[in-house]
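> sequence first, then the predicted structure:
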Amino acid sequence: MVLRRLAGSSLVALWLLGVMGTPPVQAQVQASTLERIQREGRVVLAYRDASVPFSYRDGTDRPVGFAIDICLRLVSAIEARTRRSPLMVDYLPVNSANRMDAIERGRAQLECGSTTNNALRRERVEFTIPHFITGARLLVRADSPIDGIDHPKLRRLVSTAQTTPLEAARRMANDRGLSTVFIEVAEHDQAVALVEKGEADAFAMVDALLYGLKANRPDPAALKVVGRFMTMEPLAIMLPRGDPEFKKLVDDEMRRLIHSREMQALYDRWFRQPIPPRGAVLNLAPSYMLQEVWKFPSDRVTF
């Protein structure tokens with residue numbers, strides 16, 4: 001328990017103009033998210049153990065990362081709305097398999113990690129404005145000749161369970177008639193370890209995560225990120241469905257962070273400056289599509 005806290009302009013225009021389908025009717029909740037937070041005097045943030053640099057443990061008493069910093073700004077907005085300051089902030093560890101359940105079941109009010117906003121997931125949860133847009137690639141050993149999913153040396157492909165890169169890799173392998181063996185693990189660092197030990201030939205995941213994970217390994221030079229983008233991934237913070245008041249508060253604060261350029265400062269902190277625990281610098285510039293989202297902040301995506 002802790003106190004306080006790729007493409008041209010036409011493609012971008014189509015992405016920004018995408019309209020989400022009307023979600024199915026959801027049962028009325030007994031109390032709104034803000035009412036519950038005000039009554040309990042606390043906010044629960046779901047986080048990932050190894051989603052570097054978005055949400056991870058660095059040996060301190062609470063998780064750190066780009067998404068964690070954003071969520072703590074959202075907590076400040078919640079405090080102002082509920083007039084409960086300071087709110088207690090609890091952290092709930094989740095993985096790729098149970099992160100949506102944590103939000104659906106009310107165990108956490110915000111999921112602060114690296115979750116992709118897509119149509120299937122929007123049937124269960126809400127998403128706010130993306131904080132990162134990227135795509136899935138491959139992490140391999142530095143001495144590997146593998147440069148894509150259809151390379152003949154790629155026989156064993158590992159990824160994290162119930163993730164969009166895993167689904168995309170399976171679909172591509174099936175479409176191309178590849179005999180790839182897929183390995184599923186619970187967390188990203190487990191997948192990296194399999195590649196390092198030679199028990200998997202490649203790890204399919206969002207490339208920003210791959211760069212972050214690589215930078216924090218004992219020997220970063222032993223790994224490399226390769227291949228073309230296999231997916232388009234708008235990463236966003238999850239929140240409960242059926243609570244428009246709470247979603248509006250979160251969306252409004254995200255827009256304020258972007259327009260005030262606090263979001264860009266947070267981006268620089270985690271992608272252009274040394275990050276814990278090893279002081280690695282990822283040197284990742286914001287993608288063209290993320291820059292467009294900063295110009296026209298919207299939670300509407302077509303994926």
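Cool, the structure landed. Residues are numbered from 1 along each chain as shown.

> make it CA atoms for all contacts and neighbour counts henceforth
Noted.

> residue 153 contacts residue 147, doesn't it?
No. Counting by Cα atoms under 8 Å, residue 153 does not reach residue 147; the two are 9.5 Å apart.

> who has more neighbours, those two?
Using other Cα atoms under 10 Å, the more surrounded residue of residue 153 and residue 147 is residue 147, with 19 against 15.

> OK, contacts around that one?
Contacts for residue 147 (Cα atoms under 8 Å, 6 or more residues apart in numbering) come out as 226, 227.

> and it, backbone torsions?
phi -130, psi 10 (degrees, to the nearest 10).

> residue 233 now?
Dihedral angles (degrees, to the nearest 10) for residue 233: phi -130, psi 100.

> quick one: buried residues of stretch 217-237?
Buried residues in stretch 217-237, counted by 16 or more other Cα atoms under 10 Å: 217, 220, 223-226, 229-237.

> before we move on, what about stretch 56-75?
Applying a neighbour-count criterion of 16+ other Cα under 10 Å, one finds 56-58, 63-75 buried in stretch 56-75.

> that's a strand at residue 78, yeah?
No. Assessed with DSSP: H, G, I helix; E, B strand; the rest coil, residue 78 is helix; it does not lie in a strand.

> rounded mean pLDDT for stretch 252-260, please.
Mean pLDDT, stretch 252-260: 98.

> can you mark which positions in that stretch are buried?
252, 253, 254, 255, 257, 258.

> okay, and the first one sits in which element?
Residue 252 is part of helix 244-259 when elements are defined by DSSP states H and E.

> I'd like to know which elements that helix is packed against.
helix 66-82 (3 or more Cα pairs under 8 Å, 6 or more residues apart in numbering; DSSP states H and E).

> so how far is the helix it packs on from its chain's centroid?
Centre-to-centre, helix 66-82 and its host chain are 17 Å apart (Cα atoms, centre = their mean, to the nearest Å).

> for the record, mean pLDDT for it?
98.

> any idea of the angle that helix forms with helix 244-259?
120 degrees (axes from the mean of the first three to the mean of the last three Cα atoms, to 10 degrees).

> with just CA atoms, put helix 66-82 into PDB.
C-alpha atoms of helix 66-82 as PDB (Å, rounded to 0.1, in the frame of the first residue of the first chain):
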ATOM      1  CA  PHE A  66       5.400   5.300 -18.100                       C
ATOM      2  CA  ALA A  67       1.900   3.900 -17.600                       C
ATOM      3  CA  ILE A  68       2.300   4.100 -13.800                       C
ATOM      4  CA  ASP A  69       3.200   7.800 -14.000                       C
ATOM      5  CA  ILE A  70       0.200   8.400 -16.200                       C
ATOM      6  CA  CYS A  71      -2.100   6.600 -13.800                       C
ATOM      7  CA  LEU A  72      -0.800   8.600 -10.800                       C
ATOM      8  CA  ARG A  73      -1.700  11.800 -12.700                       C
ATOM      9  CA  LEU A  74      -5.200  10.300 -13.200                       C
ATOM     10  CA  VAL A  75      -5.400   9.600  -9.500                       C
ATOM     11  CA  SER A  76      -4.700  13.300  -8.900                       C
ATOM     12  CA  ALA A  77      -7.700  14.200 -11.100                       C
ATOM     13  CA  ILE A  78      -9.800  11.700  -9.100                       C
ATOM     14  CA  GLU A  79      -8.800  13.300  -5.900                       C
ATOM     15  CA  ALA A  80      -9.900  16.700  -7.200                       C
ATOM     16  CA  ARG A  81     -13.300  15.300  -8.300                       C
ATOM     17  CA  THR A  82     -14.000  13.300  -5.100                       C
END
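
> can you name the next helix or strand after that helix?
strand 88-94.

> strand partners (parallel or antiparallel) of that next one?
strand 2-3 (antiparallel), strand 42-48 (parallel) (DSSP bridges).

> worst mean pLDDT among these?
strand 2-3 (a mean of 40).

> what sits against residue 280?
Residues in contact with residue 280 (Cα under 8 Å, 6+ apart) are 215, 216, 273, 274.

> the residues you listed: which two are farthest apart?
Largest separation among the contacts of residue 280 by Cα to Cα: 216 and 273, giving 13.9 Å.

> assign residue 189 to helix, strand or coil.
Relying on three-state DSSP, one would call residue 189 helix.

> relative to residue 217, how far out is it?
9 Å (Cα to Cα, to the nearest Å).

> repeat that for residue 298.
Taking Cα to Cα, one finds residue 298 at 35 Å from residue 217.
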